[in-house]
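Participant: test case, fold it:
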Amino acid sequence: MAAITADIVPAPIAVPRSPGFWSGVLHRLCRDPVALAALAVLIVIVAIAILAPYIAPYDPTKGSVIRRLKPIGTEGYFLGTDELGRDMLSRLIYGARLSLIMGVVPVPIAFVIGSIIGIVAGYAGGLTNTLIMRTVDVFYAFPSVLLAVALSGALGSGLTNALVSLTVVFIPQIARVAESVTTQIRSLDYVDAARASGAPAFTIIRVHVLGNVLGPIFVFATSLISVSMILASGLSFLGLGVRPPDAEWGLMLNTLRTAIYNNPAVAALPGVMIFVTSICFNLFSDGLRQAMDVKS
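Facilitator: Now for the predicted structure:
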């Protein structure tokens, strides 16, 4: 009888695991052709920047007076030459390195610092929130371009000072978003329950708050990369970023501005690269935002 009973015991039913949040984000992102195309262009630009010493046909700093301002399509110089006879294709390839560094690096640094400031202010609330956010508002009140130029002018030209200036520009913006999202999460029931159970503030932030606020902050931070690219190029154009003879797209625009009437196509090439890279970052950021929207 015991054997018969054992035979009729039903086998456990395997319940399939539901896909996680990031799996759903990746799935929705893969269905966005515009975001994928923008990502593909960005991957190509990054790969070109990494492989610059191997694919650049000439030394980007070596020029010749007899070869200056050659038009696009000249034999041996596919994209022509600049005002000092340097190969434009090589300078654009090497310029991608510094342009990407100046455009991308400040954003993750500002993301970390701004997120910490905003989350602490949003969770603490009260006087702590007021002190932190009013201090942030002092920097947030200035236009991004004006603040970046002022900080770079005070610190002096150079790559490091430009990176510091751009990071300071983006910290208040990210901190404002982080504070707003954290303030909304702080008043939810599960956070109140964790607080009533006696859990310390650090544990509540780490377990219950971070996972819900980092997504919106991250999406907003990715949208700042295109702005950072334009601001970085602007600083170099004004002489507050990379110093000559280094190749950087904004600096190349500055040095080629006198050739706009003689050879406008060559003079416009750095601007085209800035535009393409910035718009691709913007399109990918929009696609990522839509993919992270659960309602989409």
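
Participant: and the gap between the residue nearest the centre of the chain and Thr183?
Facilitator: The structure's the chain has its C-alpha centroid closest to Ile225; by CA atoms, centre = their mean the separation is 3.0 Å. With distances defined as CB to CB, to the nearest Å, the gap from Ile225 to Thr183 amounts to 26 Å. Just so you know, the C-beta spots here come from the backbone N, C-alpha and C atoms, and that holds for glycine as well.

Participant: shaky segments in this protein?
Facilitator: When the per-residue scores of the chain are filtered using pLDDT under 70, the ranges that remain are 1-22, 294-296.

Participant: show me the contacts for Asp59.
Facilitator: Remark: with contacts taken as CB atoms under 8 Å, 6 or more residues apart in numbering, Asp59 is in contact with Ser90.

Participant: the residue nearest to the centre of the chain reaches Ser285, doesn't it?
Facilitator: Yes: Ile225 is within contact range of Ser285, at 7.2 Å (criterion: CB atoms under 8 Å).

Participant: just the helices in the stretch 51-200 of the chain please.
Facilitator: Secondary structure of the stretch 51-200 of the chain (DSSP state H, counting those that start in this stretch): helices located at 52-55, 88-104, 106-124, 126-140, 144-155, 159-186, 189-196.

Participant: okay, buried residues for the last one please.
Facilitator: Residues of helix 189-196 classed as buried: 191, 194 (neighbour count, 16 or more other CB atoms under 10 Å).

Participant: and that helix with helix 159-186, angle?
Facilitator: With axes from the mean of the first three to the mean of the last three CA atoms, to 10 degrees as the basis, helix 189-196 and helix 159-186 are set at 90 degrees to each other.

Participant: now helix 189-196: how far from the chain's centre is it?
Facilitator: Counting by CA atoms, centre = their mean, to the nearest Å, helix 189-196 is centred 34 Å from the centre of its parent chain.

Participant: same check, this time on the longest one
Facilitator: Computed by CA atoms, centre = their mean, the separation of helix 159-186 from the middle of its chain amounts to 12 Å.

Participant: show me what that helix is packed up against.
Facilitator: On a contact count with 3 or more CB pairs under 8 Å, 6 or more residues apart in numbering; DSSP states H and E, helix 159-186 meets helix 88-104, helix 106-124, helix 126-140, helix 144-155, helix 210-237.

Participant: rerun at 6 Å
Facilitator: For helix 159-186, the packing partners by 3 or more CB pairs under 6 Å, 6 or more residues apart in numbering; DSSP states H and E come out as helix 106-124, helix 126-140, helix 144-155, helix 210-237.

Participant: please apply the same query to the fourth one.
Facilitator: Counting contacts by 3+ CB pairs under 6 Å, 6+ apart, helix 126-140 is packed against helix 106-124, helix 159-186.

Participant: would you reformat the ones you listed as JSON lines and include distance to Val219 and mean neighbour count?
Facilitator: As requested, these are exported to JSON lines (distance: least, CB to CB, whole Å; neighbours: other CB atoms under 10 Å):
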{"stretch": "helix 106-124", "distance to Val219": "11", "mean neighbour count": "21"}
{"stretch": "helix 159-186", "distance to Val219": "9", "mean neighbour count": "21"}
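
Participant: is it possible to export those helices to a markdown table including distance to Asn254?
Facilitator: What follows is the helices and strands packed on helix 126-140, written out as a markdown table (distance: least, CB to CB, whole Å):
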| stretch | distance to Asn254 |
| --- | --- |
| helix 106-124 | 20 |
| helix 159-186 | 14 |
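
Participant: and the ones you listed: which comes nearest Ile230?
Facilitator: Taking CB to CB, helix 159-186 is the member of the helices and strands packed on helix 126-140 nearest to Ile230, at 10.7 Å.
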